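**Student:** Quick one: sequence plus predicted model below, questions after.
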Amino acid sequence: MPPRPKPNGFSMVELLLAIVTSLVFLAGIYSVFQSQQVAFSSQEQINEMNQNIRAVMDLMTREVRLAGYKTSISMFNGVATAQPSTIRLLADINQDGIILGDTEDVTYSYNASALQIWRNGVNLPIAENITNLTFVYTLVDGTTTSSPGDLASIRKVGISITARTKNPDPGTGQYRTITLISDVTPRNLNC
């Protein structure tokens, strides 16, 4: 009997084995891609949070530092309101002797229900996803308080801002947070 000719192509077992191997390989690639996507998204939120909190801290420290700037004949205190989560600052930036406009009369306040910091009471926040804003005032005698009785005795303003990411971390379910603290000495108070 002559030998049987060998059939061309793959057997069913070889074909199934190739398909299963390919699926395992693709599942591994998808898993790596998915974990990289989650890590990228998480890092993007952290960067946004850091940028948000640093920008608002920079703006606030600059304006607190200018509090009390005035001409030699002007008579006003640089800090008009000093509360634990609200501060009102006055400065005669254009040297005309009149405190007018949103650059010379500035109020920062914290809206806890919306997690926002507002500037001058406008419903347009300058920072979002803020979980805490606290002002601590150092007085002329060196003591600190969050509600000074005599605004003219304020010599330094401590600012503490805590921000969180927009969404919770997918791995832990917790929000990532950062806290920035700055002690600002207004250069023009009671000069």
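**Tutor:** That came in fine, so what should we check first?
**Student:** going forward, measure contacts between C-alpha atoms and count neighbours the same way
**Tutor:** OK.
**Student:** Just the buried residues of stretch 116-129, please?
**Tutor:** By neighbour count on 16 or more other Cα atoms under 10 Å, the buried set for stretch 116-129 is 116-120, 125-129.
**Student:** let me redo that: stretch 67-78
**Tutor:** 67-70, 76-78.
**Student:** what about that stretch, start to end distance?
**Tutor:** One end of stretch 67-78 sits 4 Å from the other (Cα to Cα, to the nearest Å).
**Student:** pLDDT averaged over it - what is it?
**Tutor:** Confidence for stretch 67-78, expressed as mean pLDDT, is 83.
**Student:** one step back: closest one of the buried residues of stretch 67-78 to E44?
**Tutor:** A67 (35.1 Å; Cα to Cα).
**Student:** OK, contacts around the closest one?
**Tutor:** 78-79, 89-91, 186-189 (Cα atoms under 8 Å, 6 or more residues apart in numbering).
**Student:** Helix or strand: which one has the most centrally placed residue in the chain?
**Tutor:** Central residue of the chain (Cα atoms, centre = their mean): I53, 2.7 Å from the mean position. Assessed by DSSP states H and E, I53 sits inside helix 12-66.
**Student:** what's that helix packed up against?
**Tutor:** Here helix 12-66 touches strand 125-128, strand 154-164, strand 177-184, going by 3 or more Cα pairs under 8 Å, 6 or more residues apart in numbering; DSSP states H and E.
**Student:** Name the pair among the buried residues of stretch 116-129 with the greatest separation in space.
**Tutor:** N120 and N129 (18.5 Å).
**Student:** any low-confidence regions in this protein?
**Tutor:** For the chain, the stretches flagged by pLDDT under 70 are 1, 5-7, 190-191.
**Student:** what number of residues lie near A39?
**Tutor:** For A39, the neighbour count with other Cα atoms under 10 Å is 14.
**Student:** Wait, L90 touches T81, no?
**Tutor:** No. With contacts counted by Cα atoms under 8 Å, L90 stays clear of T81, the gap being 9.6 Å.
**Student:** ok, those two, which is more surrounded?
**Tutor:** Applying other Cα under 10 Å to L90 and T81 shows that L90 carries more neighbours, namely 26 against 16.
**Student:** Might you report the residue contacts of that one?
**Tutor:** 67-69, 76-80, 99, 104-106.
**Student:** Which pair of the residues you listed spans the longest distance?
**Tutor:** Distance extremes for those: the farthest pair is F76 and V106 at 14.1 Å, using Cα to Cα.
**Student:** separation between I73 and V122?
**Tutor:** 31 Å.
**Student:** repeat for Q34
**Tutor:** Taking Cα to Cα, one finds Q34 at 41 Å from V122.
**Student:** Over to F135?
**Tutor:** Shown here: F135 relative to V122, a distance of 20 Å by Cα to Cα.
**Student:** My read is that L89 contacts Q83, right?
**Tutor:** No. Using Cα under 8 Å, L89 makes no contact with Q83, being 11.9 Å away.
**Student:** more crowded one of those two?
**Tutor:** The neighbour comparison of L89 against Q83 (other Cα under 10 Å) goes to L89, with 22 against 16.
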